[in-house]
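Undergrad: any chance you could fold what I've pasted below:
(chains A, B, C and D)
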Number of protein chains: 2
Amino acid sequence: MPGKRDGKTGLCRRQESVQTMDRPASGGRNGRVTIREVAEDAGVSVAAVSKVLRDAYGVSDVMEAKVRASIAKLDYRPHTAARAMRGQTYTIGVLLADVKNPFFPQVIDGIDDGLAGTQYVPFFGIGHGSTSMEKAIVHAMVDRQMDGLIMIGQRMTDAEVEATARQAAITVIGHHAPQATLFDSANNDDERGGTLVVEHLIAQGYKRPAMITLRRADLGQADVSQRREAGFVSGMRAAGFDDSAIRIAAAADDIDDVTATVRMLLEGPNPPDAIFGWADYYALEVLSAVRALGLRVPEDIGVIGYDNSPPCAYTQNDLTSIDQSGREIGRNAARLMLERIAGRKTAEHFVVQPRVAVRNSTALRNS
Amino acid sequence: MPGKRDGKTGLCRRQESVQTMDRPASGGRNGRVTIREVAEDAGVSVAAVSKVLRDAYGVSDVMEAKVRASIAKLDYRPHTAARAMRGQTYTIGVLLADVKNPFFPQVIDGIDDGLAGTQYVPFFGIGHGSTSMEKAIVHAMVDRQMDGLIMIGQRMTDAEVEATARQAAITVIGHHAPQATLFDSANNDDERGGTLVVEHLIAQGYKRPAMITLRRADLGQADVSQRREAGFVSGMRAAGFDDSAIRIAAAADDIDDVTATVRMLLEGPNPPDAIFGWADYYALEVLSAVRALGLRVPEDIGVIGYDNSPPCAYTQNDLTSIDQSGREIGRNAARLMLERIAGRKTAEHFVVQPRVAVRNSTALRNS
DNA sequence: TGTTCTACGTTTATCGTTCTACAAAATCGC
DNA sequence: GCGATTTTGTAGAACGATAAACGTAGAACA
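TA: Residues are numbered from 1 along each chain as shown, chains lettered A, B, ... in the order given. Below you'll find the predicted structure:
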């Protein structure tokens, strides 16, 4: 018995139990108005109300008016779980790889923009940077019959995403899969962005740029950090650097490791004079590390990030960054999602061009 | 059998659309394994499977083993929507007042801790600082039969929360309602925290502390910013300040307004020598503003925040802050929630004591 | 020995929607 | 004015779980 819920089935001898009214928090309807009551009140059939709700075909203006009046009068709200049994849930699951990344709020704003005025509501799952947690969340979303999933910065493989795509519409953000046919994507051109970084640093007069990127075992070529690395490399080559002079250090997603990696770079032989953090939240930690070493930014060392998230603008950061129009990306992701749900069967991959948002952290002038 | 799903009622508004047979995106089961198939495979009744699933009373070990084997073999996952019709959804809705606040991730980690090992999954709704949006999200959560709601930093009135509490178990975080009986809460002692700020600043030698707080029309006494203000005021009084010397300026949740407010304070008569931002994300903007004015921190002006969120530790911020043990709060909120769902009927209000996390931004020494 | 209790398992009604199939009414074409 | 459509509306079967009610067999008790 211990550990089991609900010790009483029909076993109680004294069955006279008074039907208490108090509804515990869980289960059971709470005097919720149902579609049946609305139908009764409006003097039409249940099916008619359902049609009005879904904006379906075959509803006269007069009937619609009656039904809407009753809905308003009774303050009826459709029971989403019941809907899910037959139709849609009008719910979009959004998987956030983590909640600390200051870039994501912009994307979320964009998603909200794109969903505004529809019946769809976004709910968020937070992956905490763990692939297994991401998978669990995706499962939980599918179990809940969500109509579509938007995944931001997730690290699942394309195959895993495609498997899920058979159960719900999917749009990925921060993951390049231009060849994918079963799901859509919305991104900026991360490779171009990586190259922009080099071009900007060189133009500012820096001579020895290095990059700090994300260290993870499970990254594939589709990952944004890898694309940015690729762009960085080709930019460096184009600027005349020998491959042996192109330095990319990897650090775990953890301030201590980022700090240690920065130290290693700066205290080693031939230290860089500018560091590119693959994302703002890395670059902000790079700033912290170089300041802790007593270096001046931008004179002793330039720092540049990626995302152009709000903290970049703070005076104490004043961080140059690559703007990837997060809000625009979010807006388009929502649009793609709605189109998929509406029936589009072919894949679409939205890409926006990045640009440099110049601030003081790379303000070294050509000497 | 696989019969004709989706003849799709020839009812489309315009008859242009040719409905294809497979609709991955919306509705309909996708070859999902059902409880019935599990029952058949295991050679027991569906009720038996259901009992195993719910860990309910009346299951022999041998039957449980059989059922679990079949579940594993068929990779069965319960259909949450179907469960919601009769029982629970095993879903906890978490309302985040906004995503930008760097304090919330800690709380979320705590919630995850508290939910780990249970069947419950948290899903997040994001309020973007708008009360109407908060209400919409709460509605959406209730519509989806979520078993409980944890609200972080929301601004709804107690009456509104209590109305919702009749439909789902509720725990609030960042909102003081010690008298509430229908829902639980988990907080730090914000009033004490406000006083701690004054005590710390005075001990460091600052002479004229001021506070910058949140300006909103709809704040009540239950709100954390108000509690912190109250603590600040009583701390100042205890330190011997006359009421006329206690300055609390309000700024909208917006970097430009915070910057303008800081300017106004510092360029006005009798400027403060230390500023307390009611939350870290305000204090970080205060730091930005004072640096933009060319002031040195901590010599010319001390700055202190509240929450002790990760960015405080960055060298460029090095921000003293009040630690309110967010993770602990989150953990307890989850615990309270699970207890409520399990049937607790009396309210419980968890409070943790705040403490000062000293850093360089208030390092002025007694002269 | 008969009665009660307990443990375990099944049958079946039910939750609130959607959507197919069908009927009735209105409109159209000629 | 009459058949052929189109429009508007309804009835009722799912959807996949939960849980109340009940059956049965054996153990414990008297």
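Undergrad: use CA for all of it now, contacts and neighbours both
TA: Noted.
Undergrad: quick one, strands of the stretch 51-200 of chain A?
TA: A:91-96, A:121-126, A:148-152, A:169-173, A:184-188 (DSSP state E, counting those that start in this stretch).
Undergrad: how about TSV for the ones you listed, with distance to residue B:360, mean pLDDT and mean neighbour count added?
TA: Below are these laid out as TSV (distance: least, Cα to Cα, whole Å; pLDDT from 0 to 100; neighbours: other Cα atoms under 10 Å in any protein chain shown):
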stretch	distance to residue B:360	mean pLDDT	mean neighbour count
strand A:91-96	33	97	25
strand A:121-126	33	96	23
strand A:148-152	36	97	28
strand A:169-173	39	96	28
strand A:184-188	39	98	27
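Undergrad: tell me the bridge partners for the residue most central in space within chain A.
TA: Centroid-nearest residue in chain A: residue A:152, 2.6 Å away (criterion: Cα atoms, centre = their mean). Residue A:152 forms beta bridges with residue A:96, residue A:173, as assigned by DSSP bridges.
Undergrad: got the strands of the stretch 51-200 of chain A as JSON lines, with distance to residue A:247 columns?
TA: What follows is these, written out as JSON lines (distance: least, Cα to Cα, whole Å):
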{"stretch": "strand A:91-96", "distance to residue A:247": "30"}
{"stretch": "strand A:121-126", "distance to residue A:247": "33"}
{"stretch": "strand A:148-152", "distance to residue A:247": "28"}
{"stretch": "strand A:169-173", "distance to residue A:247": "27"}
{"stretch": "strand A:184-188", "distance to residue A:247": "24"}
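Undergrad: out of the ones you listed, which is closest to DNA strand C?
TA: Nearest of these to DNA strand C, taken as Cα to the nearest atom of the strand: strand A:91-96 at 12.5 Å.
Undergrad: thinking the residue nearest to the centre of chain A is in contact with residue A:99, fair?
TA: No - if you go by Cα atoms under 8 Å, residue A:152 and residue A:99 don't touch, sitting 10.5 Å apart.
Undergrad: could you dump the strands of the stretch 51-200 of chain A to JSON lines with distance to DNA strand D?
TA: Formatted as JSON lines, these follow (distance: least, Cα to the nearest atom of the strand, whole Å):
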{"stretch": "strand A:91-96", "distance to DNA strand D": "17"}
{"stretch": "strand A:121-126", "distance to DNA strand D": "21"}
{"stretch": "strand A:148-152", "distance to DNA strand D": "18"}
{"stretch": "strand A:169-173", "distance to DNA strand D": "18"}
{"stretch": "strand A:184-188", "distance to DNA strand D": "26"}
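Undergrad: ok, residue A:249 - how many residues close by?
TA: By the measure other Cα atoms under 10 Å in any protein chain shown, the count of residues near residue A:249 is 17.
Undergrad: could you spell out the sheet neighbours of the helix or strand containing it, each with its direction?
TA: Assigned by DSSP states H and E, residue A:249 belongs to strand A:247-251. In the sheet, strand A:247-251 lines up against strand A:209-214 (parallel) (DSSP bridges).
Undergrad: could you tell me the angle between the helix or strand just after the partner strand and strand A:247-251?
TA: Downstream of strand A:209-214, the first helix or strand assigned by DSSP H and E is helix A:224-238. The directions of helix A:224-238 and strand A:247-251 differ by 160 degrees, with axes from the mean of the first three to the mean of the last three Cα atoms, to 10 degrees as the criterion.
Undergrad: which helices and strands does helix A:224-238 pack with?
TA: Helices and strands touching helix A:224-238, as assessed by 3 or more Cα pairs under 8 Å, 6 or more residues apart in numbering or on different chains; DSSP states H and E, comprise helix A:190-203, strand A:209-214.
Undergrad: OK, contacts around the residue nearest to the centre of chain A?
TA: By Cα atoms under 8 Å, 6 or more residues apart in numbering or on different chains, residue A:152 lies in contact with A:94, A:95, A:96, A:97, A:104, A:172, A:173, A:174, A:175.
Undergrad: could I get stretch A:122-129 in CSV with only the CA atoms?
TA: The C-alpha trace of stretch A:122-129 is given here as CSV (Å, rounded to 0.1, in the frame of the first residue of the first chain):
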residue,chain,number,x,y,z
PRO,A,122,3.1,28.5,-27.8
PHE,A,123,4.3,26.4,-24.8
PHE,A,124,8.0,26.1,-24.1
GLY,A,125,10.1,23.2,-23.0
ILE,A,126,13.6,23.8,-21.7
GLY,A,127,16.4,21.4,-22.7
HIS,A,128,19.2,22.7,-20.4
GLY,A,129,21.7,21.9,-23.1
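Undergrad: is it positioned near chain B?
TA: Yes - in terms of Cα under 8 Å from any Cα of the partner chain, part of stretch A:122-129 sits within range of chain B, namely A:122, A:123, A:124, A:125.
Undergrad: and chain A, which residues reach DNA strand C?
TA: Counting by Cα under 7 Å from any atom of the strand, the residues of chain A close to DNA strand C are A:9, A:11, A:13, A:29, A:32-36, A:46-47, A:49-51, A:53-54, A:77-80, A:82-83, A:85-88.
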